[in-house]
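J.: below: sequence and its predicted model.
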Amino acid sequence: MSLIDLLKEKVEKQMAAYDQQLEAAQAKAKAKKAQAEADVAGADLEEQFLTQVNDIKAKMADGQSYLKELADAGEDKAEEIKAKAANFFQ
């Protein structure tokens with residue numbers, strides 16, 4: 001084998017090794033990107049749940065307020081409180 005053939009073979013083998021390294025690096029980058037996207041989606045979902053929980057807590061606080069108002073009110077205030085409570089149930 002000539003020196004040129006040996007060098008050519010060595011360069012081809014090195015290029016094949018680099019190609020494998022490149023493919024591995026691309027696969028790793030895709031996996032990290034997918035994980036990052038999953039993390040963002042998870043954070044978005046967590047934020048949605050937190051918003052829902054806070055909305056429910058606010059409704060519960062309103063309900064407690066209506067209960068207290070009903071307990072403290074006389075019959076003359078009942079219709080007014082009933083109208084407020086109607087919005088609570090929507």
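T.: Received the coordinates, thanks.

J.: secondary structure element for residue 84?
T.: Using DSSP states H and E, residue 84 sits in helix 75-88.

J.: and that helix, how far from the chain's centre?
T.: 39 Å (Cα atoms, centre = their mean, to the nearest Å).

J.: and stretch 39-59, by the same measure?
T.: Worked out by Cα atoms, centre = their mean, stretch 39-59 lies 9 Å from the chain centre.

J.: next one: stretch 44-60
T.: Centroid separation for stretch 44-60 versus its chain: 13 Å, with Cα atoms, centre = their mean.

J.: re earlier: name the helices or strands packed onto the helix holding residue 84?
T.: For helix 75-88, the packing partners by 3 or more Cβ pairs under 8 Å, 6 or more residues apart in numbering; DSSP states H and E come out as helix 3-72. Every C-beta, even on glycine, is put in place using the N, C-alpha and C of the backbone.

J.: now the helix it packs on and helix 75-88, what's the angle there?
T.: Inter-element angle recorded for helix 3-72 and helix 75-88: 160 degrees (by axes from the mean of the first three to the mean of the last three Cα atoms, to 10 degrees).

J.: so which elements touch helix 3-72?
T.: Under the contact criterion of 3+ Cβ pairs under 8 Å, 6+ apart, the helices and strands touching helix 3-72 comprise helix 75-88.

J.: and the helix it packs on, what's its mean pLDDT?
T.: When pLDDT is averaged over helix 75-88, the result is 71.

J.: got the contact list for the helix holding residue 84?
T.: Contacts with helix 75-88, where a contact means Cβ atoms under 8 Å, 6 or more residues apart in numbering, come from 59, 62, 63, 66, 69, 70, 73.

J.: try it again at 10 Å.
T.: With Cβ atoms under 10 Å, 6 or more residues apart in numbering as the test, helix 75-88 has contacts from 59, 62, 63, 65, 66, 67, 69, 70, 72, 73.

J.: so where's the protein shaky on pLDDT?
T.: With pLDDT under 70 as the threshold, the chain has low-confidence stretches at 76, 78, 85, 88-90.

J.: returning to what we had before: need the contacts of helix 75-88 in a markdown table (columns: neighbour count and distance to residue 53).
T.: Putting those into a markdown table (neighbours: other Cβ atoms under 10 Å; distance: Cβ to Cβ, whole Å) gives the following:
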| residue | neighbour count | distance to residue 53 |
| --- | --- | --- |
| 59 | 12 | 11 |
| 62 | 14 | 15 |
| 63 | 13 | 15 |
| 65 | 13 | 19 |
| 66 | 17 | 20 |
| 67 | 12 | 21 |
| 69 | 15 | 25 |
| 70 | 14 | 26 |
| 72 | 9 | 29 |
| 73 | 13 | 30 |
